[in-house]
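S.K.: coords below, sequence missing:
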C-alpha cells in the first residue's frame, strides 16, 4: 500500500463520481450481462446468481441458464426441480426456487416481460431492495442508487474514512449513494456499476490496490493515514466443514442427480457417522421447499 496522503480537510466527494465513471469506461470487465443488447430477464438472472457468489463461478452457469431459458416464460414452463438441478453447486439453492417463482409471477402478472417499476420488482419472489434497484438501473437505465458489498466498502473508505463499512444499514447506505449519484441517468448507471467494479477489483477488502485507484487522491481513508477499523462487525458464519450447511449440500447433490424419489436409507451413506445432522438437513430442505417427501422417498419439487 502506498504512503498515505497528508492529513487535512476531507476530500471532496462531489469529484468522486466523475472520476469513477471515467475510470470505468476503460477498466470494466467484459461480463456478458453488461452487453448492450442483453435482456432485462438476463440481467435479473445475473443478479440472483451473483448474490454471495463469485463472478467466476456465476458466468458459465449464467450462460447455460440463458441459453436454456432465454425468457421468463421458458423457465416458468418447466417444473421448479429443473431450476434447482440447473443451479447445480452455485450455493444457496433457494435462489433457484425463488427465481423460478419470480419467472412464473412475471408471466402471470406482467405478460412475460420483466417489469420496470421498482414496486413491481419488489413484489416478485426473492427480490429485495438491492436486486430491485439493480435490475431497474442496469436493465432499464433508470436512476436509482444501487449498493452492494463492494460499493459499501468504496463509500466507507473514500467518503467516510473508515477501513470497513461495518454491518449493513440499508437506508443509510442508499442515502449515501444517492448523494454521490450523478443527476444524468447514463452517468448514474455508469457510476453504480463503476463503484461496484472498483470495490471488486481495486478497493478490495484484504489487499486494496491504492496505487491503481482512480480516486486515491480523493480518498478520506488514505488522507487519514489508513486507520484500522474499530467499529461493530457482522457475525461470522460458522465453518462449512462439519456444518448443517455442508450436510444440506450433500443431500442436494443426491437429489439433483436422481430423477426418481430417493429412499431415506439411500441418503444415510452420505453421512453414515452423523445421522442426526443428516436428519436436520433433510427436514430443513423439506421445510424450505427444496425437497418433497413421498411414500417412495424424497425428490426435488415438481410443482
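M.R.: Thanks, I have the structure now. None of these values were measured; they are calculated from a predicted model.

S.K.: What is the burial count for residue 283?
M.R.: Residue 283 has 12 neighbours, counted by other CB atoms under 10 Å. C-beta here means a position set from N, CA and C on the backbone, and glycine is covered the same way.

S.K.: how close does it sit to residue 49?
M.R.: 27 Å (CB to CB, to the nearest Å).

S.K.: With residue 92 instead?
M.R.: 10 Å.

S.K.: who's more crowded, those two?
M.R.: Neighbour comparison, residue 92 and residue 49: the larger count goes to residue 49, with 24 against 14 (by other CB under 10 Å).

S.K.: Next, the contact list for the more buried one, please.
M.R.: Residue 49 makes contacts with 58, 61, 62, 65, 90, 95, as judged by CB atoms under 8 Å, 6 or more residues apart in numbering.

S.K.: Could you pick out the one among those with the lowest pLDDT?
M.R.: pLDDT across these is lowest for residue 90, at 91.

S.K.: Quick check: buried residues in the helix or strand in which residue 151 is found?
M.R.: Element membership for residue 151, per DSSP states H and E: helix 149-158. Within helix 149-158, the residues that count as buried by 16 or more other CB atoms under 10 Å are 150, 151, 152, 153, 154, 155, 156, 157, 158.

S.K.: thinking again about what came up before, tell me which entries of the contacts of residue 49 lie within helices.
M.R.: Judged by DSSP state H, helices contain the following of the contacts of residue 49: 58, 61, 62, 65, 95.

S.K.: Let me know the pLDDT of the residue nearest to the first one when sequence neighbours are not counted.
M.R.: With sequence-adjacent residues excluded and distances taken as CB to CB, 6 or more residues apart in numbering, residue 58 is closest to residue 49, at 4.5 Å. The predicted structure scores residue 49 at 96 on the pLDDT scale.

S.K.: coming back round to it: which residues outside the helix holding residue 151 are in contact with it?
M.R.: The contact list for helix 149-158 (CB under 8 Å, 6+ apart) reads 11, 13, 16, 147, 162-166, 168, 173, 176-177, 180, 192, 195-200, 203, 205, 208, 215, 218-222.
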